[in-house]
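A.B. asks: Let's see this in three dimensions:
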Amino acid sequence: MKQIILFTLSALAIPVLSHAQAGQPVRFGLKAGASLSSIAGKGTNDYPVSPLAGGVGGMFATVPLGTSQRWFLQPELLYSQQGFSLSHPATNYNASFRSDYLKLPVLLGFTRKGFFAAVGPQVGYLVRVRNTYRFPDYSQTGGASQDIIVKVSNDLRYYQRWEFSAVAAVGYRWQCGAGIELRYSDTFFNQSHDNLTSNYGYPQAHSLSGQVQASYVLPWH
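C.D. replies: Down below sits the predicted model:
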């Protein structure tokens, strides 16, 4: 884990340091938000899945490109939750499959009069998997019974740890440094490899996510 954190911090630092040496006004900021994620692809129509709510947060650096400073490069380091849920009405069975990632997007953006848009690739590293299962207690023979809830933190050895995706974002930033944005990401391909999978029960599906993020550019650079 320490090696992964050092790697991501180094990847963030390379464009920042190179432009700082060139005298460009690099700005740093923090962000947090909510996400709604699911999976799509082969097999998901057999047992329909539903979106799962989660959170996202982290830090970023904005590096202006060119003298006009309308174009910018924005590397980020985020902790992001994603996954999906499913239910079986006939048996009252429900389950949610949540995966936590460290993510490193590197976005190329354009800004004008406060509005901005950005696109770019994103690398994710799986750090935690938590599955929750909920089903009726069939041992109760009469009257209303409480559901049984089972929470499992899965062994990551059976999961594909790396994820590669594309990101697109649009938003607005005020002069005070506060900003709001809508973001969409989609993995390039399914996350299974050598019988490992990040989409439990759907090894040929790919992840997709929509996010609302609030951010703030720090007053120093």
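A.B. asks: got the residue ranges for the helices in the chain?
C.D. replies: 2-21 (DSSP state H).
A.B. asks: for it, what's the longest strand?
C.D. replies: strand 115-136 (DSSP state E).
A.B. asks: any idea of the pLDDT on residue 211?
C.D. replies: Note for residue 211: predicted pLDDT of 97.
A.B. asks: Double-check it against residue 170; I have them as touching.
C.D. replies: No. Look at residue 211 against residue 170 with Cβ atoms under 8 Å: they stay out of range, at 11.7 Å. Any C-beta I mention is one placed from the backbone N, CA and C, and that applies to glycine too.
A.B. asks: Show me the common contact partners of those two, please.
C.D. replies: residue 182 (Cβ atoms under 8 Å, 6 or more residues apart in numbering).
A.B. asks: Comparing the two, which shows the higher neighbour count?
C.D. replies: Of the pair residue 211 and residue 170, residue 211 is the one with more neighbours under other Cβ atoms under 10 Å, namely 23 against 14.
A.B. asks: which residues does that one bridge with?
C.D. replies: residue 35, residue 183 (DSSP bridges).
A.B. asks: Quick check: bridge partners of residue 122?
C.D. replies: residue 105, residue 165.
A.B. asks: and if you look at residue 217?
C.D. replies: residue 29.
A.B. asks: How much space separates it from residue 26?
C.D. replies: 11 Å (Cβ to Cβ, to the nearest Å).
A.B. asks: and what of residue 86?
C.D. replies: From residue 86 to residue 26 the distance is 44 Å (Cβ to Cβ).
A.B. asks: what do residue 217 and residue 26 both touch?
C.D. replies: Common neighbours of residue 217 and residue 26 (Cβ under 8 Å, 6+ apart) are residue 62.
A.B. asks: Excluding chain neighbours, what is closest to the residue nearest in space to the middle of the chain?
C.D. replies: For the chain, the residue nearest the mean C-alpha position is residue 80 (4.1 Å; Cα atoms, centre = their mean). Leaving aside its chain neighbours, residue 80 sits nearest to residue 56 (4.4 Å; criterion: Cβ to Cβ, 6 or more residues apart in numbering).
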